[in-house]
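J.: Structure, please.
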Amino acid sequence: MDLTIAICTYNGETRLPRVLNRLCDSRQHTPESISWELLIIDNCSTDATTEVARGYCDRLPLRIVSETQPGLAFARQRAIEAAQGELVGFLDDDNLPDDDWISQAVAFGQQHPQIGAYGSRILPDYSIEPPPNFDRIAPFLAITDRGSEPRRYPPEKRLLPPGAGLVVRRQAWLTSVPQRLTLVGRTTDLALASEDLEALVYLQRQGWDIWYAPQLRVHHLIPPWRLQADYLYTLMRGIGLSRYRTRMLSFSPLLRPLALLAYSLNDTRRILRHLLRYRTQLREDIVAQAELRFYIACLTSPLFFWKQPQSPKTPPDTQKT
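T.: Residues are numbered from 1 along each chain as shown. You can find the predicted model right below:
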């Protein structure tokens, strides 16, 4: 099979119909020569998510899979294991792909067999006007528009695509990414994130290229509550706290102390520069306040991980064999 589309969802009964209706439309625009399936990964839902998904079984090549461990990382791993496609494309339950997303995803993967994963061009669909200067933090909400030309993500740049709209080569994931990641997703009030970045770093370490593929277009629905201060502050802090893991994973154990020192100095510099630049605006400027919380969380991220009862002081290098 060419492609498995996986939608990992938790209590998605009200969100799923819109993306499933879009995929029904996409089916009409997908060549019959492309074989594909759709997996709904129900990640501990307590609502009617499964019943809503079943209502589309006669309109889509759909299977429903349950993952009982809460966390997006577990749901994505379950999708990889259950998938029948050579490629696995991840859509969130608030992502609306263009009608040609399926055909573009398959074509890009077949044309570039050396690429282990590639991210979509993700455009925002705001339900209300975002705060001023929101573009500075929009990428943290998986909004990714890097232009109209495909490009490689160089490992030395420490920049990678989000999991929304991501397509991965299934065999590359199975041979490169551990079955259990350290970052599992936003399962607590801390909203610890970046499980998608951790998986992609593992792919890069095994020599797989990661690319940006703008011909794959996805529209990300942003409801009002995701533009409110409380949500943005929690989001930015959670992403910042995850940085120790995603940063250190790129370095050998021998180099990690030096890398940690360099990152700590840079985080301190960013905090001081931010305070000087926005010192008179922080109380009213949601975006500036969110950025500050991110920088502080990046700086304190090592302490956060060292305090975890089952978290080693240096990220493990164990690979799945």
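
J.: so when I look at Ala117, I'm seeing a helix, right?
T.: No. Counting by DSSP: H, G, I helix; E, B strand; the rest coil, Ala117 is not found in a helix; it is strand.

J.: gap between the longest strand along the chain and the chain center?
T.: Using DSSP state E, we find that the single longest strand of the chain is strand 209-222. Relative to the centre of its chain, strand 209-222 is centred 11 Å away, using C-alpha atoms, centre = their mean, to the nearest Å.

J.: again, but for stretch 167-177
T.: The answer for stretch 167-177 is 15 Å, by C-alpha atoms, centre = their mean.

J.: returning to that earlier point: what pairs with the longest strand of the chain, and is each one parallel or antiparallel?
T.: strand 95-97 (antiparallel), strand 115-126 (parallel), strand 151-152 (antiparallel) (DSSP bridges).

J.: Okay, now the unreliable bits of the stretch 201-321 of the chain?
T.: Where the stretch 201-321 of the chain drops to pLDDT under 70, the residues are 309-321.

J.: hang on, I meant the stretch 51-200 of the chain
T.: 187-191.

J.: Which stretches in it count as helices?
T.: 72-82, 101-111, 170-176, 195-205 (DSSP state H, counting those that start in this stretch).

J.: out of those helices, nearest to Pro154?
T.: Set against Pro154 and scored by C-beta to C-beta, these come closest in helix 195-205, at 9.6 Å. All C-beta atoms are positioned from the backbone trio N, CA, C, and that covers glycine.

J.: tell me what that closest one is packed against?
T.: If you count contacts as 3 or more C-beta pairs under 8 Å, 6 or more residues apart in numbering; DSSP states H and E, helix 195-205 packs onto helix 72-82, strand 115-126, helix 170-176, strand 209-222, helix 243-248.

J.: Let me have those in JSON lines, extended by distance to Pro17 and mean neighbour count.
T.: Below are those laid out as JSON lines (distance: least, C-beta to C-beta, whole Å; neighbours: other C-beta atoms under 10 Å):
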{"stretch": "helix 72-82", "distance to Pro17": "19", "mean neighbour count": "22"}
{"stretch": "strand 115-126", "distance to Pro17": "16", "mean neighbour count": "23"}
{"stretch": "helix 170-176", "distance to Pro17": "27", "mean neighbour count": "18"}
{"stretch": "strand 209-222", "distance to Pro17": "12", "mean neighbour count": "20"}
{"stretch": "helix 243-248", "distance to Pro17": "34", "mean neighbour count": "23"}
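
J.: Out of those, which is closest to His29?
T.: Nearest of the helices and strands packed on helix 195-205 (C-beta to C-beta): strand 209-222, 13.0 Å.

J.: Could you work out the end-to-end span of stretch 248-257 for me?
T.: In stretch 248-257, first residue to last residue: 9 Å (C-alpha to C-alpha, to the nearest Å).

J.: just stretch 146-158 next, same as before
T.: End-to-end for stretch 146-158, by C-alpha to C-alpha: 15 Å.

J.: Flag every buried residue along it.
T.: 146, 150, 153 (16 or more other C-beta atoms under 10 Å).

J.: In strands, which of those fall?
T.: Per DSSP E, those never map to strands.

J.: Which of these sits closest to Asp99?
T.: Taking the buried residues of stretch 146-158 together and measuring to Asp99 by C-beta to C-beta, the closest member is Pro150, at 19.9 Å.

J.: OK, contacts around the closest one?
T.: Applying C-beta atoms under 8 Å, 6 or more residues apart in numbering to Pro150 gives the contacts 108, 211-215.

J.: now these as CSV including distance to Leu265?
T.: Below are the contacts of Pro150 laid out as CSV (distance: C-beta to C-beta, whole Å):
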residue, distance to Leu265
Phe108, 39
Trp211, 32
Tyr212, 30
Ala213, 35
Pro214, 35
Gln215, 40
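
J.: just these now: which is nearest Ala117?
T.: Trp211 (7.7 Å).
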